[in-house]
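**Q** Have a look at this prediction, sequence included:
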Amino acid sequence: MSLPPDFKWGFATAAYQIEGSVNEDGRGPSIWDTFCAIPGKIADGSSGAVACDSYKRTKEDIALLKELGANSYRFSISWSRIIPLGGRNDPINQKGIDHYVKFVDDLIEAGITPFITLFHWDLPDALDKRYGGFLNKEEFAADFENYARIMFKAIPKCKHWITFNEPWCSAILGYNTGYFAPGHTSDRSKSPVGDSAREPWIVGHNILIAHARAVKAYREDFKPTQGGEIGITLNGDATLPWDPEDPADIEACDRKIEFAISWFADPIYFGKYPDSMRKQLGDRLPEFTPEEVALVKGSNDFYGMNHYTANYIKHKTGVPPEDDFLGNLETLFYNKYGDCIGPETQSFWLRPHAQGFRDLLNWLSKRYGYPKIYVTENGTSLKGENDMPLEQVLEDDFRVKYFNDYVRAMAAAVAEDGCNVRGYLAWSLLDNFEWAEGYETRFGVTYVDYANDQKRYPKKSAKSLKPLFDSLIRKE
Ligand code: GBH
């Protein structure tokens, strides 16, 4: 028994990936509606227009959570349902607010603790068009703070707030590779706009400022009466040296994590960017003003950790190209001796390697002083799952094993290494819109039959988590 009695566990989702109803009750478009409409951006040409229809099936989703035994649920709010045009002087849509207020009431009524993500990539499209969205520090931060305040006020019952989900993805995939909305990149065959060498670092900086402003607002004006907590969720993969004997590969392992995670976490815990990033990026990486340092430093009540996979890291020599965002290194699935890091999944970037989870929990805990951690996402796709017959899909032993191995690695990090993990939200409750990969890649513990009225079928993995956590959580 290695997890504390009040350990929170359950499942996670995000608004644009599950809700559908994009024109319902006054919602305005987000950058993902716009991006999906551009031919070639989404693998199967789809969008989140219908997705899992969860906007209309909140009852069904809550019943499912209950059936699976979850005590917590992480979901995100669609900003453009609250303020269709997004900005602080734009009209507020009461119907959007009412929807989430009712949803939280119903969750709590069902005994499920809500974790709310304010921003999971679906920026109101009007803000992108009006002033360049994340690229405009003053406007974006002010508008995000205003939106966050509306939600804090409307949902005092929520005690766990996440400002941003994976700002790395918004910055790098949105403004360097162009793989995600709004699709900026220097590659003119993919986008008429973008500067892969500069924009991502500006976007990352501005998201940090917006995060910190929302945290300050919560702490000053809501936390004293509501008593909740707030933090950011960062994504990052575990790293192992390609050549364990080569000090340059060992150093590159840390640098990879610094470029992915410490880019955001160092400013939040230490008030500065990592030296490795400053060294490589020079003045393309923005500087924090003294006021910004004061705002950003210390702006986490907890660390939200999204984690899926691991890579072998091989350092590169020579001057990296200007658009490099990894830290002058290669990420590989095989090491020098030909060992493979883990089996293939449907996601080109994901190979299970549970020991990496334990190692990364330790890396983060050491660097940031053993903060309280919520694992806000962890999960896997399964090679070829979309083409399997339903009976086979429902016997997802590969995913059962993934969760078993990863949750046990986490429990060991808590019991044996002293990491302060207090919650775990599996990704995902439902198969859903997997962004640029469309619906071909499934991450759900529940199969969603998109061709037949979005009917839900819990897979074996859905039912595997309750007994697993029951065996690991100490009774009072
Ligand atoms: C999460 O990101 C998201 O929060 C969630 O919405 C999503 O459904 C889930 O993963 C499953 O994908 O080769 O540069 O294109 C996970 C972290 C980081 C994984 C970026 C994919 C792409 C690397 N993601 N990565 S790249």
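**A** Perfect, thanks for sending it.
**Q** what about the residue lying farthest from the centre of the chain, distance to the ligand?
**A** Distance from the C-alpha centroid of the chain peaks at residue 245, with 33.5 Å (CA atoms, centre = their mean). Noted for residue 245: a distance of 28 Å to the ligand, by CB to the nearest ligand atom, to the nearest Å. Using the backbone N, CA and C atoms, a C-beta is placed for each residue, glycine as well.
**Q** Does that residue lie in a helix or a strand, and which?
**A** Assigned by DSSP states H and E, residue 245 falls within no helix or strand.
**Q** What confidence value was assigned to it?
**A** We have a pLDDT of 98 for residue 245.
**Q** phi, psi of the closest residue to the ligand within the stretch 101-250 of the chain?
**A** At 4.2 Å from the ligand, residue 235 is the closest residue in the stretch 101-250 of the chain, using CB to the nearest ligand atom. Main-chain torsions, residue 235, degrees, to the nearest 10: phi -100, psi 150.
**Q** dump the residue contacts of it.
**A** Residue 235 is in contact with 166, 168-169, 260-261, 306-308, 377, counting by CB atoms under 8 Å, 6 or more residues apart in numbering.
**Q** partner residues bridging it?
**A** Following DSSP bridges, residue 235 is listed with bridge partners residue 306.
**Q** just the buried members of the contacts of residue 235?
**A** 166, 168-169, 260-261, 306-308, 377 (16 or more other CB atoms under 10 Å).
**Q** Give me the subset of the residues you listed that lies in helices.
**A** Among those, the members falling in helices are residue 168 (criterion: DSSP state H).
**Q** Mind putting the buried ones among the contacts of residue 235 into a markdown table with distance to residue 457 and pLDDT?
**A** Shown next, in a markdown table, are those (distance: CB to CB, whole Å; pLDDT from 0 to 100):
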| residue | distance to residue 457 | pLDDT |
| --- | --- | --- |
| 166 | 28 | 99 |
| 168 | 33 | 99 |
| 169 | 29 | 99 |
| 260 | 35 | 99 |
| 261 | 35 | 99 |
| 306 | 26 | 99 |
| 307 | 27 | 99 |
| 308 | 23 | 99 |
| 377 | 22 | 99 |
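**Q** what's the closest of the buried ones among the contacts of residue 235 to residue 71?
**A** Closest to residue 71 out of these is residue 377 (17.0 Å), distances taken as CB to CB.
**Q** Can you give me the distance of the closest one to the ligand?
**A** 6 Å.
**Q** Contacts only, for that residue.
**A** Residue 377 touches 12, 74, 233, 235, 306-308, 425-428, counting by CB under 8 Å, 6+ apart.
**Q** Okay, and the beta partners of it?
**A** Beta bridges link residue 377 to residue 306 when assigned by DSSP bridges.
**Q** CA atoms of the lengthiest helix in the chain as CSV?
**A** In the chain, taking DSSP H as the definition, the longest helix is helix 199-221. Provided in CSV are the C-alpha atoms of helix 199-221 (Å, rounded to 0.1, in the frame of the first residue of the first chain):
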residue,chain,number,x,y,z
GLU,A,199,7.5,32.9,-32.6
PRO,A,200,7.5,29.8,-30.4
TRP,A,201,9.7,31.4,-27.8
ILE,A,202,7.5,34.6,-27.7
VAL,A,203,4.4,32.4,-27.5
GLY,A,204,5.9,30.4,-24.6
HIS,A,205,6.8,33.6,-22.8
ASN,A,206,3.4,35.1,-23.2
ILE,A,207,1.6,32.0,-22.0
LEU,A,208,3.8,32.1,-18.8
ILE,A,209,2.7,35.7,-18.2
ALA,A,210,-0.9,34.8,-18.8
HIS,A,211,-0.7,31.8,-16.5
ALA,A,212,0.9,33.9,-13.7
ARG,A,213,-1.7,36.6,-14.0
ALA,A,214,-4.5,34.1,-13.6
VAL,A,215,-2.8,32.6,-10.6
LYS,A,216,-2.3,36.0,-9.0
ALA,A,217,-6.0,36.8,-9.5
TYR,A,218,-7.0,33.5,-8.0
ARG,A,219,-4.7,33.8,-5.0
GLU,A,220,-5.7,37.4,-4.2
ASP,A,221,-9.5,37.4,-5.0
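**Q** in which helix or strand would I find residue 115?
**A** strand 113-119.
**Q** Let me see the mean pLDDT of that strand.
**A** Rounded mean pLDDT across strand 113-119 is 99.
**Q** ok, the residue of the stretch 251-400 of the chain found nearest the ligand to residue 244 distance?
**A** Of all residues in the stretch 251-400 of the chain, residue 349 sits closest to the ligand, at 4.6 Å by CB to the nearest ligand atom. From residue 349 across to residue 244, the span is 23 Å (CB to CB, to the nearest Å).
**Q** Kindly report the residues of the stretch 51-200 of the chain close to the ligand.
**A** Residues of the stretch 51-200 of the chain lying close to the ligand (CB under 6 Å from any ligand atom) are 165-166, 169, 173, 179.
**Q** What about those, which are in strands?
**A** Using DSSP state E, residue 165 are the members of these that sit in strands.
**Q** buried sites along the longest helix of the chain?
**A** For helix 199-221, by 16+ other CB under 10 Å, it's 199-218.
**Q** Also stretch 121-137?
**A** For stretch 121-137, by 16+ other CB under 10 Å, it's 121-128, 130, 132-137.
**Q** Export only the CA atoms of it, formatted as CSV.
**A** C-alpha atoms of stretch 121-137 as CSV (Å, rounded to 0.1, in the frame of the first residue of the first chain):
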residue,chain,number,x,y,z
TRP,A,121,-5.5,24.6,-27.0
ASP,A,122,-8.9,26.0,-28.2
LEU,A,123,-8.2,29.7,-28.3
PRO,A,124,-11.1,31.8,-29.4
ASP,A,125,-10.5,32.4,-33.1
ALA,A,126,-11.5,36.0,-32.9
LEU,A,127,-8.4,36.7,-30.7
ASP,A,128,-6.1,35.1,-33.2
LYS,A,129,-7.6,37.3,-35.9
ARG,A,130,-7.8,40.4,-33.8
TYR,A,131,-4.3,40.7,-32.4
GLY,A,132,-2.4,37.5,-33.2
GLY,A,133,-3.6,35.6,-30.1
PHE,A,134,-0.6,34.3,-28.0
LEU,A,135,1.8,36.5,-29.9
ASN,A,136,0.4,39.7,-28.3
LYS,A,137,1.6,39.6,-24.6
